[in-house]
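> based on what follows, work out the 3D shape:
(one chain, ligands or ions: 1)
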Amino acid sequence: MAKFIFVTGGVVSSLGKGITSASIGCLLESRGLKVTLQKFDPYINVDPGTMNPYQHGEVFVTDDGAETDLDLGHYERFTSAVLTRDNNITTGQIYNSVISKERKGEYLGKTIQVIPHITNEIKERIHKVARDKEVDVAIIEIGGTVGDIESLPFLEAIRQFKKDVGKENVIYVHVTLVPHISTAGELKTKPTQHSVAQLRGIGIQPDILICRSQRPLTKDVRNKLALFCNVEEEGVIQNLDAQSVYELPLMLKEDGLDIIIMKLLNLRYGKQNISSWEKAVQKIVNPSKTVNIGIVGKYVELLDAYKSIIEAFVHAGSANDARVKLCWIEADSVIKCGAKASLCEVDGILVPGGFGGRGIEGKIEAIRYARENKMPFFGICLGMQCAVIEFARNVAGLKDANSTEFDEKTTHKVITLLDSQRNVTDKGGTMRLGAWDCKLARDTKSFEAYGKELISERHRHRYEFNNEYRQAFKTKGLKLAGTTMDGGLVEIVELPSHPWFVGVQFHPEFKSRPLSPHPLFANFVKAALAGKEKQPPVKKKVK
Ligand code: GLN
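Residues are numbered from 1 along each chain as shown. Take a look at the predicted model:
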């Protein structure tokens, strides 16, 4: 039978509960245990797929095509767990399922209530994920902060869960803030005391406190937290700011987190094997070179919208002994200020995925600049579609080429709606989603990067390369470097005459890990470094 770790958050949001949960997973795996991680999000949307990135950040896509919270990205990057739609559950999904059971008459005669019907449904989702994934430990993160009205049914369900499965099989971890008040020169424990009091008020006594703090916790502070919050002193763990998020498992290990977890859960564990993680972290924090990559996107002020891309560059940097400095360039400003002024300081350009017409012309202009100046270019999803439009307009001479997403009436519809999307009217969960196989052509940058012919990558789109233009574009020098297995959809385009120009219809960023950087990101960074080395040194002005 699996053991369960429930992770809640207190005091304020943005304490890095997701990364903390992921770090617990990483540490338990280093002890030879099999884990899975599940996130409960207390909002009514069925999934974040329909939400604006301003509200929610990136939508992370799993192999099975679920559109999920970005914390699942952390879970996959920190562990070897393969996550599916069962790993991210929202209030919307719970109610959806209870209401449809009610309509089918499954509760015949009963009044349907939050307790027990909603809480039972929540508990069943927890059992299901642990059962189906056959794990030793399931780590369950409750979104939001203790005190939120929305998360109450989840907290009630996890309270009951301990009674159901036995106290030796469950622990509660509370992630909290211990602020440093500079005028008093002290770390303050009161917010944590209040937050734990609130948790105890709903019947949950935390076993471990993970305390975000800018200063190391003193012995006194640890004693005080243990006494007032009723936890063992060794259950008070500090979580200090780190240079890289990947250091967190190692920092938590230093403070004994894995030992106390295994002790409390009575888990048998093997000798710790964490050296490959340590090596990866060393490579991330101590690179010898730097390279500047420009990201031309719509949401420059919203880094959470590009979480997995940012992380993929951390991994790709470590693969090249380089720190990748990301320069965020607002697509519209490329038009306003000109491509050269906006892009002259970067060594490579990435255009990420996106939806809607805003910023499209700026992205296309940035791609023209990359193509003409032989600057490494990487286009992802919408970025690949923009590369096709740019090629059509400026190389193939089809002046009004466009995607029907932005202009339905244009003569040259080089990007069009996928056939499978023609009759789709619902918005949620209806795109071409999840992992699809792709066959690579030899003699391409993609084949060189992956080192194999058959790959599988995750997708999230409605539009595709219009096959009517295949022949014409091939003749003009565009290489169709990857297609679906039946050859029906173009998945990768490249320019063989360019040092590194690759556009992919899928999202490689979702599969990059610190221990296995994504080959396309790694080779893109390598090409940017090579281009940088070739450039003549900037001449100093003589006074
Ligand atoms: N909007 C484009 C499409 O739906 C691209 C999507 C994306 O970049 N994820 O095909």
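
> and residue 52, what pLDDT?
For residue 52, the pLDDT comes out at 87.

> separation between it and residue 45?
11 Å (C-beta to C-beta, to the nearest Å). The way it works is simple: take the backbone N, C-alpha and C, and place the C-beta from them, glycine included.

> quick one, which of the two is more surrounded?
Counted by other C-beta atoms under 10 Å, residue 52 and residue 45 do not tie: residue 45 has more neighbours, with 16 against 11.

> buried residues of stretch 215-224, list them for me.
217, 221-222, 224 (16 or more other C-beta atoms under 10 Å).

> make a markdown table out of those residues and add distance to residue 75, secondary structure and pLDDT.
As requested, these are exported to a markdown table (distance: C-beta to C-beta, whole Å; DSSP: H, G, I helix; E, B strand; the rest coil; pLDDT from 0 to 100):
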| residue | distance to residue 75 | secondary structure | pLDDT |
| --- | --- | --- | --- |
| 217 | 26 | coil | 96 |
| 221 | 30 | helix | 96 |
| 222 | 29 | helix | 97 |
| 224 | 32 | helix | 96 |
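
> the ligand: which of the residues you listed is nearest?
Distance to the ligand across those (C-beta to the nearest ligand atom) is lowest for residue 217, with 42.7 Å.

> quick one: residues contacting the closest residue to residue 498 other than its chain neighbours.
Nearest in space to residue 498, with sequence neighbours left out and distances taken as C-beta to C-beta, 6 or more residues apart in numbering, is residue 374 at 5.9 Å. When contacts are counted by C-beta atoms under 8 Å, 6 or more residues apart in numbering, residue 374 touches 498-499, 531.

> tell me the secondary structure at residue 374.
Taken by DSSP: H, G, I helix; E, B strand; the rest coil, the conformation at residue 374 corresponds to coil.

> for it, give its distance to residue 529.
Counting by C-beta to C-beta, the gap from residue 374 to residue 529 is 15 Å.

> how about the residues of this structure by the ligand?
Proximity of the chain to the ligand, by C-beta under 6 Å from any ligand atom, involves residues 353-355, 381-382, 405, 460-463.

> returning to what we had before: could you dump the buried residues of stretch 215-224 into a markdown table and include distance to residue 172?
Below are these laid out as a markdown table (distance: C-beta to C-beta, whole Å):
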| residue | distance to residue 172 |
| --- | --- |
| 217 | 20 |
| 221 | 21 |
| 222 | 19 |
| 224 | 20 |
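
> so which of the residues you listed comes closest to residue 234?
The closest of these to residue 234 turns out to be residue 222 (C-beta to C-beta; 9.1 Å).

> what residue, apart from its backbone neighbours, is nearest the closest one spatially?
That would be residue 236: by C-beta to C-beta, 6+ apart, it lies 4.7 Å from residue 222.

> repeat for residue 84
In space, and not counting its chain neighbours, residue 84 is closest to residue 64: 4.6 Å by C-beta to C-beta, 6+ apart.

> neighbours of the one you found, how many?
Around residue 64 there are 15 residues (other C-beta under 10 Å).

> what about it, which helix or strand?
Applying DSSP states H and E as the criterion places residue 64 outside every helix and strand.

> same check, this time on residue 516
Assigned by DSSP H and E, residue 516 falls outside every helix and strand.

> enumerate every residue touching it.
Contacts of residue 516 by C-beta under 8 Å, 6+ apart are residue 315.

> gap between it and residue 29?
15 Å.

> the longest helix that the chain contains - contacts with which helices or strands?
Ranked by residue count under DSSP state H, the longest helix found in the chain is helix 519-534. Helix 519-534 is packed against strand 289-297, helix 307-319, strand 322-330, strand 348-351, strand 377-380, helix 445-450, strand 501-504, with contacts defined by 3 or more C-beta pairs under 8 Å, 6 or more residues apart in numbering; DSSP states H and E.

> again, only this time at 6 Å
Secondary-structure packing of helix 519-534 (3 or more C-beta pairs under 6 Å, 6 or more residues apart in numbering; DSSP states H and E): strand 289-297, helix 307-319, helix 445-450.

> please save the CA atoms from it in CSV.
C-alpha atoms of helix 519-534 as CSV (Å, rounded to 0.1, in the frame of the first residue of the first chain):
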residue,chain,number,x,y,z
PRO,A,519,18.4,18.0,-28.0
LEU,A,520,16.9,20.8,-30.0
PHE,A,521,17.3,23.4,-27.3
ALA,A,522,20.9,22.1,-26.7
ASN,A,523,21.8,22.3,-30.3
PHE,A,524,20.2,25.7,-30.8
VAL,A,525,22.3,27.1,-27.9
LYS,A,526,25.3,25.4,-29.4
ALA,A,527,24.7,27.1,-32.7
ALA,A,528,24.2,30.5,-31.0
LEU,A,529,27.5,30.0,-29.2
ALA,A,530,29.3,29.1,-32.4
GLY,A,531,27.8,32.1,-34.2
LYS,A,532,28.9,34.3,-31.3
GLU,A,533,32.5,33.1,-31.5
LYS,A,534,32.6,33.8,-35.2
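
> now do it and strand 289-297, the angle between them.
For helix 519-534 against strand 289-297, the angle between stretch directions is 120 degrees (axes from the mean of the first three to the mean of the last three C-alpha atoms, to 10 degrees).
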